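S.K.: Okay, structure incoming, though there's no sequence with it:
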DNA sequence: AAAATGGCTTGATTCAGATCAAGTCTTGCG
DNA sequence: CGCAAGACTTGATCTGAATCAAGCCATTTT
C-alpha cells in the first residue's frame, strides 16, 4: 500500500488500454469505471466496476498484458497498486492470497454468467433476466431506477441501443413497464417465465454483485 | 492428494451438473471433458478441458454451486480432490495458492477472450480467428486436423452446425480450405485480414492453451 | 434565450444467421 | 455384413436483430 498511488480522475478518461503491460492493480475507491473492449470501430462493454472493487487483477497475477480497456464513467478516485507489490503480497501473506483468490474466482464466475447469458438467451430474455436480477439485488422491489445509461446497458448485453429501446417497449406485454429511467415490474411471474430463469444462471448467491463487477445496482424507488 | 479419488469414466458421461454444490475439484488426467451450460433445451459448450488441467476451481474456492456442467467426450481419467482439502492447501501452502491463482487467472483471461470474440466478431470472423489461432498454436503450420467434432466447435463459437458448415465452405474464398477434418490455410494474410486479428484478442501469450481450457490443440499434418 | 450536443425513440429496410427439411457419408454394432 | 445412429452438408425459407434515417427531448454551452 505504501507504494500505491491515489488518483482523482475526471469522467470519460481512459485509464487502461488493452494490450499494455499490467503494471498496476487498480482499485475503484469512488466513482464508476467501465471495462470495455474494441476492435476496428466496434466496441463492447464488458463490465462496470463500482466501489470498492479491483479490476484487472488477473493480468497482474499473470504479469500479462491487459485484455480490456478501462475508462471512467464519472469522476472517480482510483488507487493504483504496483503489480510487483501485489505479487509480493500474494506470496508473503496467505490471508491476502486467499482474499485475492476469492475476488478472482468471483470475477470469473460473474463472467461465466455473462457469457452463458449471451449464448443461451435472446435479447428480450436477457433484458428480462437483467431487470429481474436488478430487482432482486435491491430486495425484490418492484420499482427501481436504471443505474446507468441505456446505451451502456445495450452494449453490455450485446445489442444495439435501438434494439434495447424496442425490447423495453415490448416488455410492457410481459409484465414490466419502462419509462425513461424508471422501471416497474408489474407482473413478476410473467417476466420470470420470459427470462426462463434458471436459478443457477442468475444465482441466488450475490457474489457477482459483491464483486462490484457486472452492471451496478439500481436504486430502489 | 491422499483424500483424492482417481476415476476412470466412460465417454459421454455427465460428471458435474450445474447447480450442484462444489464438493470436488476435478483434474483431467487423461481424455477430454466438455464444460457446457444448458437451459430449456438450449445448450452451449463453454470450454473443452484436456490433460493436465483442473476445472471448476472457482466454484471450489468460493464454496459455491457449479455454474457449468461437465461431460466426458472420450474415456477419461479424472482425479477428484475434495474442495475442503483444496481450500486447506490454499491456506497452508503459499506456493500452492500462487499456482492455483495463476491457473484461475488463466481461466479468467481465456474466458475474457472468448467473450470478446462473441461480442466483437461475426461468425466468419470468429471462425477465421479460431483457425489462425489453432495454426499458430502448433507453430504456424499451414495444415492441421480439427481436434474435435464440428458440432462442438459450432456450439463453442455460438453458432449452429449448419452455419459453421457454410462458413467453412465460404472461407475458401478467403484463404482457407476445409475438407472433412483437414484444414489448409492457403492465404494467411487474407485470412488474417478477415479475422481482423487484434493481436491482443488472440494474444501471442499461450496461457489459454496452457490452461487446457478453450478448445484443444489440433494435430499438425 | 438560442443553439448545439448527445442520448433516446421510432419507423423502414436489410441481412446474417436460425430453422426446417432432406439427403449423404461415416461409424459403430448386432 | 447389413443396419441404425449420428455427424455433416446442402438448399429453401424465415426471422431476430442490425442498419439507416429522421425526429424528439433534455441538458449544456454560448
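M.R.: Thanks, I have the structure now. None of the values given here were measured: they were computed from a predicted structure.

S.K.: In the strand or helix carrying residue A:164, which residues are buried?
M.R.: Here residue A:164 sits within helix A:161-170, counting by DSSP states H and E. Neighbour-count burial for helix A:161-170, counted by 16 or more other CB atoms under 10 Å in any protein chain shown, picks out A:164, A:167-168. Backbone N, C-alpha and C define where each C-beta goes, glycine included.

S.K.: cool, stretch A:15-28 as well?
M.R.: A:15-16, A:18, A:22, A:24-28.

S.K.: Equivalent analysis for stretch A:125-136, please.
M.R.: Quick answer for stretch A:125-136 (16+ other CB under 10 Å): A:125-136.

S.K.: pLDDT averaged over the helix ranked longest in chain A, what's the number?
M.R.: Of all segments of type helix in chain A, defined using DSSP state H, the longest is helix A:94-120. What helix A:94-120 shows for mean pLDDT is 93.

S.K.: Hey, what's the angle from it to helix B:94-120? Just curious.
M.R.: 20 degrees (axes from the mean of the first three to the mean of the last three CA atoms, to 10 degrees).

S.K.: on contacts alone, who are the packing partners of the helix or strand following helix A:94-120?
M.R.: In the C-terminal direction, the helix or strand that comes right after helix A:94-120 (DSSP H and E) is helix A:123-137. Judged by 3 or more CB pairs under 8 Å, 6 or more residues apart in numbering or on different chains; DSSP states H and E, the packing partners of helix A:123-137 are helix A:94-120, helix A:161-170, strand A:182-185, helix A:188-195, helix A:199-202.

S.K.: Buried deepest among those, which one?
M.R.: helix A:94-120 (a mean of 21; mean count of other CB atoms under 10 Å in any protein chain shown).

S.K.: just how off-centre is that one within its chain?
M.R.: Taking CA atoms, centre = their mean, to the nearest Å, one finds the center of helix A:94-120 at 12 Å from the center of the full chain.

S.K.: tell me the angle of it relative to helix A:123-137?
M.R.: Using the same axes, to 10 degrees: helix A:94-120 against helix A:123-137 is 140 degrees.

S.K.: can you tell me if helix A:94-120 touches DNA strand D.
M.R.: No. Contact of helix A:94-120 with DNA strand D is not found when judged by CB under 7 Å from any atom of the strand; the minimum separation is 10.4 Å.

S.K.: ok and that helix relative to helix A:188-195, angle-wise?
M.R.: Using the same axes, to 10 degrees: helix A:94-120 against helix A:188-195 is 80 degrees.

S.K.: So helix A:94-120, near DNA strand C or not?
M.R.: No. On the criterion CB under 7 Å from any atom of the strand, helix A:94-120 is out of touch with DNA strand C, staying 9.7 Å away.

S.K.: What residue in chain A is the furthest from its centre?
M.R.: residue A:92 (30.2 Å; CA atoms, centre = their mean).

S.K.: contacting residues for that residue?
M.R.: residue B:94 (CB atoms under 8 Å, 6 or more residues apart in numbering or on different chains).

S.K.: Distance of it relative to residue A:131?
M.R.: 44 Å (CB to CB, to the nearest Å).

S.K.: do residue A:83 as well
M.R.: For residue A:83, the distance to residue A:131 - CB to CB - is 38 Å.

S.K.: Could you do residue A:28 as well?
M.R.: 25 Å.

S.K.: next one: residue A:171
M.R.: 8 Å.

S.K.: any shared contact partners between the two?
M.R.: residue A:191.

S.K.: Flag the shaky bits of chain A, pLDDT-wise.
M.R.: Filtered on pLDDT under 70, chain A yields the residue ranges A:197-214, A:217-221.

S.K.: Go again with 90.
M.R.: Residue ranges of chain A with pLDDT under 90: A:1-3, A:39-41, A:90-95, A:136-142, A:195-221.

S.K.: what does it have sitting close to DNA strand C?
M.R.: Checking chain A against DNA strand C by CB under 7 Å from any atom of the strand, the hits are A:149-151, A:161-162, A:164-166, A:168-169, A:178, A:180.

S.K.: what would those residues look like in JSON lines with distance to chain B?
M.R.: Below are these laid out as JSON lines (distance: CB to the nearest CB, whole Å):
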{"residue": "A:149", "distance to chain B": "18"}
{"residue": "A:150", "distance to chain B": "18"}
{"residue": "A:151", "distance to chain B": "15"}
{"residue": "A:161", "distance to chain B": "15"}
{"residue": "A:162", "distance to chain B": "17"}
{"residue": "A:164", "distance to chain B": "15"}
{"residue": "A:165", "distance to chain B": "19"}
{"residue": "A:166", "distance to chain B": "20"}
{"residue": "A:168", "distance to chain B": "20"}
{"residue": "A:169", "distance to chain B": "24"}
{"residue": "A:178", "distance to chain B": "23"}
{"residue": "A:180", "distance to chain B": "27"}
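
S.K.: for the residues you listed, which one is nearest DNA strand D?
M.R.: The closest of the residues of chain A next to DNA strand C to DNA strand D turns out to be residue A:162 (CB to the nearest atom of the strand; 3.9 Å).
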